[in-house]
Structures are given as C-alpha cells and as structure tokens.
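**Student:** Generate a structure from the sequence data that follows.
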Amino acid sequence: MRRPDGSPINILVVDDEPALTELLSMVMRQESWDVRSAHNGGEAIRAARGFRPDAIVLDVMLPDMDGVELLPRLRAVLPGVPVLFLTAKDSVQDRLAGLRAGADDYVTKPFSLEEVVIRLRGLLRRSGAVRVRPDAVLVVGDLTLDQETREVRRGGTEVKLTPTEFELLRFLMHNPGRVLSKAQILDRVWAYDFGGQSNVVELYISYLRRKIDARRAPMIHTVRGVGYTLRPAG
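**Tutor:** Numbers count the residues shown, from 1 in each chain. Below is the predicted model:
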C-alpha cells in the first residue's frame, strides 16, 4: 500500500509502553510504511502537526490524557484521519464510548500484531488514503489472491480464509515454487506471536489445504525436512 502519489503511508502510533510501540512500528515498517511514535497526548498532537499521518493507532490510556479526550484534538489538526483505538477494556460500554468519540475501529489488548495491521489496511482503503497497486492481484495457476480486497479464488470459486490463513497464503504466493522453511514462515506471518512454535505452521498449512486443495489437484506441497512450497497444479 502506498499513497496515490506513490509515497509511503504515514502511521502515528500513540502508546506509553515503549516495548509495544517498538513492536508495532517494526511490523508496520515491514509493510513499507513510515512510522512515528508518541508516548503521551502532547507528543501526539505535535507529531500530528509535523508528520501528517494517514492513520493513527491510539491507546485509550495515556499518562497525561485519555484517548477519548485526545481524539477530537487530533481531529482538529487532521480532520477525517482514521483512528484505531487500542484498549485494555473489553466491555461493550467501553467499546461504544470509543466509537462514539469518533474512533473508526478498535482492538482489545492483548491483540495480535497481524490484527492491527489488517485493521489499518481496511481503514486506509476506506479513507481513500491509498492507491490500488497494479500488482495487487497475485496469481499462481488457477489461484488468485487480491491483496487490496482480500478476496481469494481458485478456479473462479471464492475461498473464505481467516486473516492468518490469508497472510500465510499470501507469503506462499509471493514465493511460488520456492521451498519456505517453518522458521521463515513463522518470522513473516506470525512475527513475535508464537516464539518459535513451529507446530502452528503445520496446523495452518493443514487448514489451508482443506480450503485451497479440497477436491482439487493439490497446490500446497510438503518438502520433508525442509518446509513447504506452493506451485500450480498439474
């Protein structure tokens, strides 16, 4: 994803936990986004003025003001900027309070890093901040994956995938015919979430096979002792 003029997407992360902001920033930079962080409301307002983010990730609980109070002040600087709330509160009332304050979406701690990126992509698309890339659709044999609409089809038939299944398939389709190790897949798809538990790769490969290869010639193959590869059926 890039801006319509081809420049990188700007994301502002506002959270008072340095470890969390660093993790979020690293994952977003893997998307080729330009990321800045702020640790309180005052820093966030200054960053909004100077950095001009295309979307903001905003923690509800900050040391100098809460996110609900900060949000309208950010919108005064950047009207219409999409905002994703991070909240440790999972009650319906708290979620509704954030949405009523003007947040576009929210995730509840603890969350997966992947989920935050997926929610941001959706906000950016809906806001019109990004352009549709000509290479947005990946094609391997009769399998297609649209990275913008997140639609997957095999032989013209839509295949419904969970967010994690989608990211795993996307990584395989970016590397058709290449054997990818479990370590490579863990690093790219799960980042820090599973800490080297390679059995999760086997589990999600089996999920993908049930959906992609069900009653069809197989495309996902195991190379014993090495990893997995995706190639056209035939």
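**Student:** count of residues packed around Arg29?
**Tutor:** Other residues within reach of Arg29, judged by other C-beta atoms under 10 Å, total 13. Where you see a C-beta, it was placed from the backbone N, CA and C, and this is true even at glycine.
**Student:** Was I right to think it contacts Val35?
**Tutor:** Yes - between Arg29 and Val35 there is a contact under C-beta atoms under 8 Å: 5.9 Å.
**Student:** Tell me where the chain has strands.
**Tutor:** 10-14, 34-38, 55-59, 83-87, 105-108, 137-140, 143-146, 152-154, 157-159, 220-223, 227-230 (DSSP state E).
**Student:** Show me the contact partners of the fourth one.
**Tutor:** Contacts with strand 83-87, where a contact means C-beta atoms under 8 Å, 6 or more residues apart in numbering, come from 15, 55-61, 67, 71, 74-75, 94-95, 98, 102-109, 111, 116, 119-120, 123.
**Student:** And it, how far out from the chain middle?
**Tutor:** How far strand 83-87 lies from its chain's middle: 14 Å, per C-alpha atoms, centre = their mean, to the nearest Å.
**Student:** and the closest residue to Lys160 other than its chain neighbours, how far is that from Pro4?
**Tutor:** Sequence neighbours aside, Lys211 is the residue nearest to Lys160 in space, at 7.4 Å (criterion: C-beta to C-beta, 6 or more residues apart in numbering). According to C-beta to C-beta, to the nearest Å, Lys211 stands 34 Å off from Pro4.
**Student:** So those two - more neighbours on which side?
**Tutor:** Lys211 (15 against 10).
**Student:** Run through the residues that contact that one.
**Tutor:** Neighbouring residues of Lys211 by C-beta under 8 Å, 6+ apart: 159-161, 165.
**Student:** any idea how far Leu230 is from it?
**Tutor:** 13 Å.
**Student:** before we move on, what about Leu86?
**Tutor:** Going from Leu86 to Leu230 by C-beta to C-beta gives 34 Å.
**Student:** right, so of the strands of the chain, which gets closest to Leu172?
**Tutor:** strand 227-230 (4.0 Å; C-beta to C-beta).
**Student:** Just the C-alpha atoms of the closest one, please, in CSV.
**Tutor:** C-alpha atoms of strand 227-230 as CSV (Å, rounded to 0.1, in the frame of the first residue of the first chain):
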residue,chain,number,x,y,z
GLY,A,227,9.4,-26.8,4.5
TYR,A,228,6.5,-26.0,2.2
THR,A,229,6.0,-24.8,-1.3
LEU,A,230,3.1,-23.7,-3.4
